[in-house]
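Trainee: model this:
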Amino acid sequence: MYKTPDGKEIFVLDGHTHFWDGSPENQANVHGKQFIDCFYAYHANLSPKEELWEKARFEKPTEDDVYRDLFVDGPDDMAIIQSTYLSDFYKTGFSEIGRSHSMAARHPERFIINGTFDPRDGEKALEYIHWMKEEFDITGVKMYTAEWNGDSKGWALNDPAAYRCFELCDKLGIRNIHVHKGPTILPLSRDAFDVADVDYAATDFQNLNWIVEHCGLPRLDDFCWIATQETNVFGGLAVALPFIHTRPRYFAEVLAELLFWIGEDKILFGSDYAIWTPKWLVERFWNFQLPGDIAEERGVQLTDAVKEKILGLNAARLYGIDVEAKMKQLGARPVAMAAE
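Mentor: Got it, this is the predicted structure:
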């Protein structure tokens, strides 16, 4: 839980986290090493020096690492663990739903575990969606459109095979579709993360919420033009938020654009753990103010009420979480670590 300098308690729902295994033992080939090395470069280049991790810990955080970093040292009340398999790169998957559920079972009141699927798997993808719903009762999934699958180096949200999967998600009540539309990661293709396909899918599946992670960076303009007309498209701040440290004015420009175009009710906080930890991100975000000229040009404000929405209330609405009841539940179960 995050307490502001004046003592107010803020509900924090971290909308974009992972429980991954990018260790050398799990790397299937050189591409697995390239991928986690690229993540580590983001970590090293955008983090404050005091927040840097050793490479081995970064490659494979433990269950205790996750709990401590998010809830004990960190300010999160809840976290959404996103699944990303990258089966061509990692022997047992990069961030696999079964492993995440096993970890979250120790503290189920604090985690939401999202699934994933690959439409290119055809009927097996549909069967897998059914299995995830039956086994874990998922309410959300994470899409990685640049993921490799044999000879294929990516897919689009408006592919016919993808539409069959989204039709099934709609039918089963899997309403929250998180989509990576942000910076590329070696060796994936930048073009496969283009945001244009969001426009098609959001229009054709009005019952689904399309949470565009990383708010389309570096295609912010394209994302904003799409998200402002599609009422069911939301922007996730993961990857954008760490610029609050290295390039605060750039972060201010990104945030002001989002506030101008899509508004305060459609922006979601995400730490992108374990690339970054939420503690310093939330603290700096709460103390952050838009430069006067940037705010004035766009006619927007970053008030405490707006920050509360971004840090947790907006995501809670999408996932049907009663914040007042959840805060009472968590208050009765304070965080604690086993003796180390």
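Trainee: what about the helices in the stretch 201-340 of the chain?
Mentor: Ranges of helices in the stretch 201-340 of the chain, per DSSP state H, counting those that start in this stretch, are 220-227, 243-246, 248-261, 278-286, 292-298, 304-308, 314-318, 323-331.
Trainee: quick one: which of those helices is nearest residue 77?
Mentor: Closest to residue 77 of the helices of the stretch 201-340 of the chain is helix 323-331 (CB to CB; 5.8 Å). In this view, the C-beta of every residue, glycine as well, is placed from N, C-alpha and C.
Trainee: Quick check on residue 300: phi, psi?
Mentor: phi -120, psi 160 (degrees, to the nearest 10).
Trainee: pLDDT score for it?
Mentor: Note for residue 300: predicted pLDDT of 98.
Trainee: Residue 289 too?
Mentor: Residue 289 is given a pLDDT of 97.
Trainee: What residues does the closest residue to it other than its chain neighbours make contact with?
Mentor: In space, not counting the residues next to it along the chain, residue 289 is nearest to residue 302; the distance is 6.4 Å by CB to CB, 6 or more residues apart in numbering. Listed by CB atoms under 8 Å, 6 or more residues apart in numbering, the contact set of residue 302 reads 255, 259, 288, 289, 290, 295.
Trainee: These, buried ones only, as a PyMOL selection?
Mentor: A single PyMOL command selects the buried members of the contacts of residue 302 (16 or more other CB atoms under 10 Å):
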select buried, resi 255+259+290+295
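Trainee: which one of the contacts of residue 302 is nearest residue 184?
Mentor: Closest to residue 184, out of all of those and judged by CB to CB, is residue 255, at 22.3 Å.
Trainee: Hmm, the closest one is touching residue 285, no?
Mentor: No - counting by CB atoms under 8 Å, residue 255 stays clear of residue 285, with 9.2 Å between them.
Trainee: any idea of the mean pLDDT in stretch 214-230?
Mentor: pLDDT averaged over stretch 214-230 gives 97.
Trainee: Tabulate the CA atom coordinates of that stretch in CSV.
Mentor: Extracted C-alpha coordinates of stretch 214-230, given in CSV (Å, rounded to 0.1, in the frame of the first residue of the first chain):
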residue,chain,number,x,y,z
HIS,A,214,3.5,0.7,-23.5
CYS,A,215,0.9,3.1,-25.1
GLY,A,216,2.2,2.3,-28.5
LEU,A,217,5.7,3.8,-28.0
PRO,A,218,7.4,4.8,-30.2
ARG,A,219,4.1,5.2,-32.2
LEU,A,220,2.4,7.4,-29.6
ASP,A,221,0.6,9.6,-32.2
ASP,A,222,-0.8,6.6,-34.0
PHE,A,223,-2.0,5.1,-30.7
CYS,A,224,-3.6,8.3,-29.5
TRP,A,225,-5.5,8.8,-32.8
ILE,A,226,-6.9,5.3,-32.5
ALA,A,227,-7.6,5.3,-28.8
THR,A,228,-9.5,8.6,-28.8
GLN,A,229,-12.1,7.2,-31.2
GLU,A,230,-12.3,3.6,-29.8
